[in-house]
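Q: Pasting a predicted model and its sequence here:
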Amino acid sequence: MRSKVLLHFVVLMDVVAAIKISAGRAALEGLQSGVVSLQNIPLLVVTSAVVLVIEMSPRKRFTGLHVFLLLLSAAVLLLSSFFLPPVGESIVEVSLFAYGALVVQFSSAMVIAFSRRPNIGRILIATVLVVGISTIACFAYTFSNGDALPGAFHSDAAVVLGASVWGRYEPSPTLKARLDTAICIFKSGGAKKIVVTGGTRRFGTFESHVQASYLKGKGVPDSDVIVERGTFSTSEQAEYIKRIVVDSLGMRNVIVVTDNWHLPRAIMMCRWEGLTVHGKASRHRSPLSDEVFSRFRESAGIQVFVLFGA
């Protein structure tokens, strides 16, 4: 009876999480619209497989297939919920529900594995402990190097790391704060150029083009703005700084401008490329729940980068 209740609960959480994530991702500008679209196919396929296998099991007995599908579902839930847009409802609400479902999937897989193969169950429990400790350590790391820019530092360029935009000519509050920080550095003589990055295409234009338009409206000459539109992640932007800004353009002194919670990982990636950069955090402050979520997502990003270089 307990196994039957557990599996039905897992199915319910999986279905609701898949619906919420799919609806949220379908609203993301620049991706294919609609819940049933290519961006959501992996999530929908895995969810359907989990539901079918569990509900069609004649005696609701635990099998190795259950373990595999639940672990796969947990991984797909995690990856699908990484970039949920704040459209219609709070990004934190959707993401917390998604991660709650992920915990249920993974915990159920551990219960099943432990009941069938105690040694495998112990391995999974040890894995959870290692990942948990690593996540806490990386979360603490996001508070380091919050603003590493010396007061009188002068640079060749201030590089603004991309973030979401809310319209064809409207950067999000997060991105606007980064741009305002770069403008202050530029107008005070702290940077000769401003480099805007971001290749994601939304509202019919690139993130970096929205940034360039905003800078122009604030009085920054076009000749002092370098627009990059080929990067889609922080690691790619770090590579761009190394390959183009430093090596090709010869700009040796670079300031990286982003949020305080994002700056430690950005600097880590730049140093991984062999760069010595300085960082400047914007003054944008999110609600506490949003900031906690952002820092936990950064901690996951740090672990992925250290392990896989992505």
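A: Everything's here; your move.
Q: what's the spacing between Leu307 and Ser134?
A: Counting by Cβ to Cβ, to the nearest Å, the separation of Leu307 from Ser134 is 10 Å. Every residue, glycine included, has its C-beta placed from N, CA and C.
Q: neighbour count winner among the two?
A: Ser134 (16 against 9; other Cβ atoms under 10 Å).
Q: Look at that one and tell me its secondary structure.
A: In terms of secondary structure, Ser134 is helix; the call rests on DSSP: H, G, I helix; E, B strand; the rest coil.
Q: Give me the below-cutoff pLDDT ranges for the stretch 1-150 of the chain.
A: Residues of the stretch 1-150 of the chain that meet the criterion pLDDT under 70 lie in 1-4, 6, 24-37, 58-63, 81-99, 112-118, 120-121, 124, 145-150.
Q: can you do 80?
A: Low-confidence segments of the stretch 1-150 of the chain, defined by pLDDT under 80, are located at 1-43, 50-51, 53-129, 131, 145-150.
Q: quick one: the helices in it?
A: 2-26, 41-56, 64-80, 91-116, 118-141 (DSSP state H, counting those that start in this stretch).
Q: Out of these, the one nearest Arg265 is which?
A: Nearest to Arg265 among the helices of the stretch 1-150 of the chain is helix 118-141; the distance by Cβ to Cβ comes to 8.3 Å.
Q: tell me which strands and helices that closest one is in contact with?
A: Under the contact criterion of 3 or more Cβ pairs under 8 Å, 6 or more residues apart in numbering; DSSP states H and E, helix 118-141 touches helix 91-116, helix 288-308.
Q: Sheet partners, orientation included, of the helix or strand following that helix?
A: Sequence order places strand 155-160 as the next helix or strand after helix 118-141, per DSSP states H and E. Partner strands and pairing direction for strand 155-160 (DSSP bridges) are strand 191-196 (parallel), strand 254-258 (parallel).
Q: and the helix or strand just after the first one, what's its mean pLDDT?
A: Read that as strand 191-196. Remark: after strand 191-196, the chain's next helix or strand is strand 201-202, criterion DSSP H and E. Averaged over strand 201-202, pLDDT sits at 81.
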